[in-house]
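Visitor: my questions concern the predicted model and sequence given below.
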There are 2 protein chains.
Amino acid sequence: MGYRITFLPDGRTVETAEGETILRAAGRDGIHINATCGGKGTCGRCRVILKEGKAVSADSPHLADKDRAEGVRLACQTTPASDLTVEIPATSQMRKGSKIATGSRLEEMLAAAYGACQGKFRPVTLKFHLQLPPPSLDDNISDFERLKRGLENSGYNAVSVRAGLSTIRKMGSVMREKGWSVTVTLLEEGNTIEVIDIEPGDTSATRYAAAVDIGTTSVVVYLVDLITGKVLDHASAYNTQVRCGEDVITRIVYATEQGGLSELQQLVVSLVNELLGKLCDKHGIGRELLDTAIISGNTTMTHLFFGIDPAYIREEPYIPTAASFPVLGASSVGLHLKDTAVVYAMPGVASYVGGDITSGVLASGLYKQPGLSLFIDIGTNGEIVLGGEDWIVTAACSAGPAFEGGGVKFGMRAMDGAIERVAIDPATLAPSLTVIGGSNPVGICGSGMIDAIGEMFLAGIIDRRGKVNTTLDNPRVRIGENGPEYVLAWAEETGIGADITLTEPDVNNIVRTKGAIYAGFATLLKEVGFTFADVDRIYIAGGFGHYLNIERAVIIGLLPDLPVEKFEFLGNTSIMGAYLALLSKKFREDAEAIAHRMTYIELSVSRNFMDEYVSALFLPHTHIDEFPSVKKLLG
Amino acid sequence: MGYRITFLPDGRTVETAEGETILRAAGRDGIHINATCGGKGTCGRCRVILKEGKAVSADSPHLADKDRAEGVRLACQTTPASDLTVEIPATSQMRKGSKIATGSRLEEMLAAAYGACQGKFRPVTLKFHLQLPPPSLDDNISDFERLKRGLENSGYNAVSVRAGLSTIRKMGSVMREKGWSVTVTLLEEGNTIEVIDIEPGDTSATRYAAAVDIGTTSVVVYLVDLITGKVLDHASAYNTQVRCGEDVITRIVYATEQGGLSELQQLVVSLVNELLGKLCDKHGIGRELLDTAIISGNTTMTHLFFGIDPAYIREEPYIPTAASFPVLGASSVGLHLKDTAVVYAMPGVASYVGGDITSGVLASGLYKQPGLSLFIDIGTNGEIVLGGEDWIVTAACSAGPAFEGGGVKFGMRAMDGAIERVAIDPATLAPSLTVIGGSNPVGICGSGMIDAIGEMFLAGIIDRRGKVNTTLDNPRVRIGENGPEYVLAWAEETGIGADITLTEPDVNNIVRTKGAIYAGFATLLKEVGFTFADVDRIYIAGGFGHYLNIERAVIIGLLPDLPVEKFEFLGNTSIMGAYLALLSKKFREDAEAIAHRMTYIELSVSRNFMDEYVSALFLPHTHIDEFPSVKKLLG
């Protein structure tokens, strides 16, 4: 027997199953409660407040006695013992309507890409009109043979022409419906053609498609007109899989549990369907006009999207089931497009360098450029690509979720209420904050953390080891319950009624994250015999890049100390690459060639990497000479 | 509100739907009542006897007042008006356990075919074992790439390697289950390979398959061991679609009615599943070990098997949706084999020359032989093939169902109780009969009709126009309710308690049938500039062939007047061809080449054909000189 839980502030109610936690029950009904560890009790994010009723909770180091007295519980550690009324505080809710960042740079690149195709679009499937001669007693070949002959006469001289049973079943009536005028949709593979669809009349002038970026944190969908090549509109949302775990590793673990894989698959597919549905409705386009979807995501996201067990990705030697995928049927995945629509996944390289990075390399043009380029995508994972027209190497470093808010007491993703910029007056140690959306802050996001630590370092609040100087006589520098900390905002200035601080453990987490990324750059360069001085340009991809203050990132040693003009922000290159591949066979071939050319280097077993990592755990670095501009600043 | 009908002698009960006929209600529950017109009220075969209850019946010319008084009704014209008890008399039941003919010739040809493959079998899909190297940090390609590399190393260098989502989903665990030892099943098409299945360990030594002949009248299934190439066993049954119509035309009409196509498809697939299930159970072979089915049938049967609308087959210019089919998934058709099993359909030529005839040409070897061969398959349809190693022409003539029992008062198929041989004493006009199964006769089958008419002609009971000589003073020659007739058996000698006769209308029907077939031969020869004298051999295929008395068939003018040694009975060449194609890629290629090479000539619009047909409506023929041996006999 289950109980009924009423969730405030929305007032939605849920029936629980026997022994089910509040988190599970909420999740089952699509009520979001933040839970970055996937419900293990380790992240402490899923705080809820018991308002009415009785519940059984496990102890948690994340809850102070005061919290408990106020009814605060971890939703993942609490099981109802009666009907309950539970409040989900703002800090545990997903912000609705918060915008995914898009920059003007993105629009420029889209325009450039549109030019690159020169209007000669070549989507994954071909769609064109055929006017077939009607049969007669003297020309009495079967309908299917007539179609094949029509294809041959149009120049499609395949050795083998396939069609599925559903296509064959409708062929006879479709061909006769509009006087032997038909539109075919074809998939070419080698010298084999598959007739994916056949429609009466000439429908070749109406084709739409979806380009989808499936990020660990957010999902972006472009609705594309395949005839004009234009992006009609786009939509985005946070990846609802977050409630099963914030990073790929926790989601892989979740997927291996009973029903977990299927749940994760349904979550992301439903989300894509929902976003696409909104876009289609808004533009009055029937879903049955969408015949293609291209997805671009890291290897784990791609596995989860297709419902493929990702378990082996996290077990040494870290092998994905597939990095490149054949063209598959959209309906077999559950996408609500045309029945016969296909899905193409951007090809990836390895377990930790996926199709999103191939997209990035494609969109950046790195693979066609002379000289040495460094491409970095700092999201929940940090992926690095180094190379140019002749060779490309790539690596991934488990950056950890710090920049996305994980492992940082007041950490959060870059959305409304997040502190995104910080400046600290070196004399008074008073910060000036920029908050996304302009409201009172509720937490701090990655770019804010980088600013804050850079500024704290320059102001002497923390030393090169990241230790807080507790001898400073300033109320903002104090010993809190998690050790020494710096107060970014006093309770009355915030949206949560509590001081927002950056603690010494927070700083350590961030330093480890930046250390891992910098060590990745350094190791990759060393593996191929280059140094930072040889790097001609650095592309920074990912939503994160838009807020990043390069000088501050150099000060903390996240980015190498190179002239600012060598850095270029690209925005969301994952969706860009998907969009390019959607329109152009050449770009798809390029993407496949890129994925094939990229040599993956496994950093986790590299001796160099461990040395580099340890050296990078200082601010900005053990070897201060690698950061001459910072050395100069520090005087 | 429906009623309950209890059917005797079995006692099975059925609930009727509102307004449903007895025939429909019985059919829905798998209770067979003969109905060769598909329930139109025209054939008069679905006689049942009302034992209890009230029912509403339309009038029918097929029922005498005496019948009505005895409670006899046509099941297709009768709707219950209360709960009913209804007897299905023996004449309306399908004979259970009656054997489909197989001849010793068949066994010889199977042995020859086995030799032709020389033990190097090459089924539709390839299945072989791969021992893959396990991945390591230095060899960390994806599972799918590892598989592709393994295929390349085994010599399968495809441009494109596909796999469906279900195969990809299980790939990771299957490869790891038995230490990277896997068995793959591949389908090659052009330079594309599709990985149909992947299994752990080495399962390549166990493969079974089904060869299926789908005849309009009967279905034959062979269970084949794909490793040894041997036929383990076979099973056969009458095609349960018969209750929807006896010939292809009535079934096409039935298919165009609401739900008809789906019903016909389910009937034949269920029957194949049932036969196959029995064979598998008998030999202790799990269905999941069957990975291939080959079907061989005429074009309409093949359309119905795949659930493809056959409507256009019967509309001028008689176009099938497909004559050749791509390899399709068995599960998409509803066959209960391995989930990943494939179905290959023998390629056909045209609407009225299907895969069964290609099978026949393949099995006869005609396509490889010098000289001129004539191949005929006289079933419900008459298909004719003429040619040899250089060219092949083919035609179909709507022979009509007379030889299968249709349109002949006491006509029936060749099964227990059928008169299969007839000799008539020219002095007494007394017949001596041979009955299948040795019991008292219940009707007469095709070979019996040919014998009877030949003997009646020689004995002077009928003249060259098929008119009964009513001036003969013999009790066996009389005027019955259908006009002049000859009594083959007196009521007390039969199993039905009524005189079994051959009426003048019966004779006319049979003469029209034999005339159409002979005219087909003659027209086809004339179209290519040959005469019967040029024909080196005549192959007679089909179950019918086993009972056929060639001399009598020549006397009535069904077969041309050629030396007996030029005729060869081949038996069921449809299943033979399917069996050959099952084991050998060469034979499949031959079959495709045969289907491609055969030139189809549409007799129904040939001026020659109409002339020939009119000339052939005499016994043996208008031009008696074409039948010198008969001319001599008639002396």
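Guide: Received the coordinates, thanks. Because the structure is a prediction, the values reported are computed rather than measured.
Visitor: only C-alpha atoms from now on, for both contacts and neighbour counts.
Guide: Will do.
Visitor: near chain B, which residues of the stretch 201-350 of chain A? Just list them.
Guide: Those residues of the stretch 201-350 of chain A that sit near chain B, judged by CA under 8 Å from any CA of the partner chain, are A:306-309, A:312, A:316-323, A:326, A:328, A:332, A:350.
Visitor: buried ones only from the residues you listed, please, as a PyMOL command.
Guide: A single PyMOL command is used to select the members of these judged buried by 16 or more other CA atoms under 10 Å in any protein chain shown:
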select buried, chain A and resi 306+307+308+309+312+317+318+319+320+321+322+323+326+328+332+350
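Visitor: from the residues of the stretch 201-350 of chain A next to chain B, which land in strands?
Guide: A:Leu328 (DSSP state E).
Visitor: tally of neighbours for A:Phe587?
Guide: 23 (other CA atoms under 10 Å in any protein chain shown).
Visitor: isn't it right up against A:Tyr579?
Guide: No - if you go by CA atoms under 8 Å, A:Phe587 and A:Tyr579 don't touch, sitting 9.6 Å apart.
Visitor: now stretch A:176-190, how far from the chain's geometric center?
Guide: 37 Å (CA atoms, centre = their mean, to the nearest Å).
Visitor: got a list of contacts for that stretch?
Guide: If you take CA atoms under 8 Å, 6 or more residues apart in numbering or on different chains as the criterion, stretch A:176-190 is touched by A:124-134, A:174-175, A:193-204, B:159-160, B:190-192.
Visitor: filter those to the buried ones?
Guide: Buried among the contacts of stretch A:176-190 by 16+ other CA under 10 Å: A:124-125, A:127-132, A:174-175, A:193-204, B:160, B:190-192.
Visitor: which of these fall in strands?
Guide: In strands, judged by DSSP E, the following of those are found: A:127-131, A:193-200, B:160, B:192.
Visitor: lowest-confidence one in those residues?
Guide: Summarising pLDDT for those: the lowest-scoring member is B:Ser160, with 86.
Visitor: how much space separates that residue from A:Asp197?
Guide: When distance is defined by CA to CA, to the nearest Å, B:Ser160 is 21 Å away from A:Asp197.
Visitor: show me where the stretch 351-500 of chain A has helices.
Guide: Listed in chain order, the helices of the stretch 351-500 of chain A (DSSP state H, counting those that start in this stretch) span A:355-364, A:446-458.
Visitor: the first one - what's its average pLDDT?
Guide: Computed over helix A:355-364, the mean pLDDT rounds to 95.
Visitor: now do that helix: everything it contacts.
Guide: Surrounding helix A:355-364, the residues in contact under the criterion CA under 8 Å, 6+ apart are A:109, A:213, A:296-299, A:323, A:345-349, A:367, A:375, A:377, A:383, A:385, A:539, A:541, A:570, A:573-578, A:580, A:587, A:590-591, A:594-595.
Visitor: now do the phi/psi pair for A:Val86.
Guide: Backbone torsions of A:Val86, given as degrees, to the nearest 10, read phi -130, psi 130.
Visitor: that one: neighbour count?
Guide: Going by other CA under 10 Å, the residues that sit close to A:Val86 add up to 24.
Visitor: in terms of contact, does it touch A:Ile5 like I think?
Guide: Yes - using CA under 8 Å, A:Val86 is in contact with A:Ile5, at 7.0 Å.
Visitor: the contacts of helix A:355-364 in strands, which ones?
Guide: Among those, the ones falling in strands (DSSP E) are A:213, A:296-297, A:345, A:375, A:377, A:383, A:385, A:539, A:541, A:570.
Visitor: closest to chain B out of these?
Guide: Distance from chain B was checked for each of the ones in strands among the contacts of helix A:355-364 by CA to the nearest CA. The minimum falls on A:Ala345, at 12.5 Å.
Visitor: let's see the pLDDT reported for the nearest residue to the closest one once chain neighbours are set aside.
Guide: If the residues on either side of it in the chain are set aside, A:Ala345 comes closest to A:Ile295, at 4.9 Å by CA to CA, 6 or more residues apart in numbering or on different chains. The predicted structure scores A:Ile295 at 98 on the pLDDT scale.
Visitor: OK, contacts around A:Ile295?
Guide: Neighbouring residues of A:Ile295 by CA under 8 Å, 6+ apart: A:211-214, A:302, A:343-346, A:578.
Visitor: how about the residue nearest the centre of chain A: what's its closest non-neighbour residue?
Guide: The central residue of chain A, meaning the one whose C-alpha is nearest the mean C-alpha position (CA atoms, centre = their mean), is A:Gly215 at 1.5 Å. With CA to CA, 6+ apart as the criterion, A:Gly215 has its nearest non-adjacent residue at 5.8 Å, and that residue is A:Gly297.
Visitor: surely the one you found is in contact with A:Ser574?
Guide: Yes - A contact is recorded between A:Gly297 and A:Ser574 when judged using CA under 8 Å, the distance being 7.1 Å.
Visitor: any residues in contact with both of these two?
Guide: Overlap of the contact sets of A:Gly297 and A:Ser574 (by CA under 8 Å, 6+ apart) consists of A:213, A:355-356.
Visitor: now tabulate these in JSON lines and tack on neighbour count and distance to B:Glu565.
Guide: Formatted as JSON lines, these follow (neighbours: other CA atoms under 10 Å in any protein chain shown; distance: CA to CA, whole Å):
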{"residue": "A:Asp213", "neighbour count": "32", "distance to B:Glu565": "75"}
{"residue": "A:Gly355", "neighbour count": "32", "distance to B:Glu565": "71"}
{"residue": "A:Asp356", "neighbour count": "33", "distance to B:Glu565": "75"}
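Visitor: and which of those is nearest to B:Lys566?
Guide: If you rank the shared contacts of A:Gly297 and A:Ser574 by distance to B:Lys566 using CA to CA, A:Gly355 comes first, at 69.0 Å.
Visitor: and the pLDDT at the closest residue to that closest one other than its chain neighbours?
Guide: Nearest residue to A:Gly355 in three dimensions, chain neighbours excluded: A:Gly348, at 4.0 Å (CA to CA, 6+ apart). Looking at A:Gly348, its pLDDT is 97.
Visitor: A:Gly348 reaches A:Gly354, doesn't it?
Guide: Yes - taking contacts as CA under 8 Å, A:Gly348 lies within contact range of A:Gly354: 3.9 Å.
Visitor: common neighbours of the two, please.
Guide: Between them, A:Gly348 and A:Gly354 share the contacting residues A:298-299, A:323, judged by CA under 8 Å, 6+ apart.
Visitor: neighbour-wise, which of A:Gly348 and A:Gly354 wins?
Guide: Neighbours per residue (other CA under 10 Å) separate A:Gly348 from A:Gly354, with A:Gly348 holding more: 31 against 26.
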